[in-house]
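A.B. asks: Need coordinates for the below:
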Amino acid sequence: MPAATTTYLEAIRRLLTQLEEHETSAIDQAGQRVAQSITAGGVLHVFGSGHSMLAAIEPTVRAGGLAAVNLLFDAALSPTDPSRVSTVERLPGYAGTILQHTSVEPGEVLIVISHSGINPVPIEMAAGARERGLTVVAVTSLEHSRRASSRHVSGRRLYEVADIVVDTHAPFGDTTVDLASAGTGAVSTILACAAVNAITVRAAELLAGNGADVPVLVSQNVDGGDDHNERQIERYRR
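C.D. replies: Numbering: from 1, shown residues only. Sure, this is the predicted structure:
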């Protein structure tokens with residue numbers, strides 16, 4: 001196997017091990033809050049901008065995932081238009097507009113995903129959700145965030161405005177392979193997806209342990225999958 005490929009795959013394994021060894025407590029706390037919200041009739045909201053949106057999409061209508069998941073989606077923040085999202089996610093006040101048009105309730109949980117945690121939109125999304133009585137879970141790289149300057153007027157970073165912080169342990173600059181001319185080998189999306197799925201798996205485990213109905217979706221490519229999923233999703237149509 002080429003050296004760079006080996007280095008990259010080894011970095012993923014090493015960072016996933018760090019996630020497991022150091023973030024179990026935070027993942028457990030987040031899972032407990034999600035389970036409590038679902039038990040009370042609430043849902044799990046997820047948000048990310050740029051490539052962090054990919055990790056927010058991951059648990060949404062996911063086979064083996066929870067039906068009670070609501071993606072806070074805004075097309076202007078999609079990574080499919082890099083030049084646009086890099087501008088929009090730095091706009092003060094933009095997150096408040098998204099929240100105004102979103103059905104969020106006190107007692108629910110919002111996971112905000114941001115590798116750097118320094119841009120106004122994810123920071124204000126977290127702060128605005130907390131003001132509305134939600135528990136906010138930040139999935140972010142503390143190494144990157146602590147080394148980068150906040151772009152928010154308050155000077156705060158995402159991890160400083162969240163209730164629970166899950167550190168992805170992704171490196172500063174999101175590269176793991178050093179080449180002669182540049183760094184490469186991004187890992188933030190992989191680690192964020194692992195963290196978010198770990199939270200939802202823990203929530204499902206807690207719901208099952210309490211004897212509750214676990215609203216888990218199945219693959220639409222198995223017999224009866226469409227009917228099962230439609231029944232589950234209908235419970236959270238709002």
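A.B. asks: Any buried residues in the lowest-mean-pLDDT helix or strand in the chain, and which?
C.D. replies: Every helix and strand of the chain was ranked by mean pLDDT, DSSP states H and E. The lowest is helix 82-88, at a mean of 84. Of all the residues in helix 82-88, those buried under the rule 16 or more other Cβ atoms under 10 Å are 85, 88. The C-beta positions use only the backbone N, C-alpha and C, and glycine is treated the same way.
A.B. asks: C-terminal to that helix, what's the next element?
C.D. replies: Downstream of helix 82-88, the first helix or strand assigned by DSSP states H and E is helix 94-100.
A.B. asks: Centre of the chain to that next one, how far?
C.D. replies: 18 Å (Cα atoms, centre = their mean, to the nearest Å).
A.B. asks: Over to stretch 29-40?
C.D. replies: 15 Å.
A.B. asks: buried residues in it?
C.D. replies: In stretch 29-40, counting by 16+ other Cβ under 10 Å, buried: 29-38.
A.B. asks: Give me the contact list for it.
C.D. replies: 43-44, 66, 68, 107-109, 111, 135, 137, 163-164, 166, 198-207, 210, 212, 215 (Cβ atoms under 8 Å, 6 or more residues apart in numbering).
A.B. asks: and residue 46, that's in a helix?
C.D. replies: No. Read with DSSP: H, G, I helix; E, B strand; the rest coil, residue 46 is strand and lies in no helix.
A.B. asks: Quick check: it vs residue 56, distance?
C.D. replies: Applying Cβ to Cβ, to the nearest Å, the value for residue 46 to residue 56 is 4 Å.
A.B. asks: any residues in contact with both of the two?
C.D. replies: Counting by Cβ under 8 Å, 6+ apart, the residues touching both residue 46 and residue 56 are 71-72, 111, 113, 196.
A.B. asks: which one of these sits closest to residue 149?
C.D. replies: Closest to residue 149 out of these is residue 113 (20.2 Å), distances taken as Cβ to Cβ.
A.B. asks: Tell me which residue is most central in this structure.
C.D. replies: residue 113 (4.0 Å; Cα atoms, centre = their mean).
A.B. asks: So what pairs up with that one in the strands?
C.D. replies: Residues in a beta bridge with residue 113, per DSSP bridges, are residue 48, residue 139.
A.B. asks: in stretch 47-65, what counts as buried?
C.D. replies: Residues of stretch 47-65 classed as buried by neighbour count (16+ other Cβ under 10 Å): 47-59, 62, 65.
A.B. asks: Much appreciated, bye for now.
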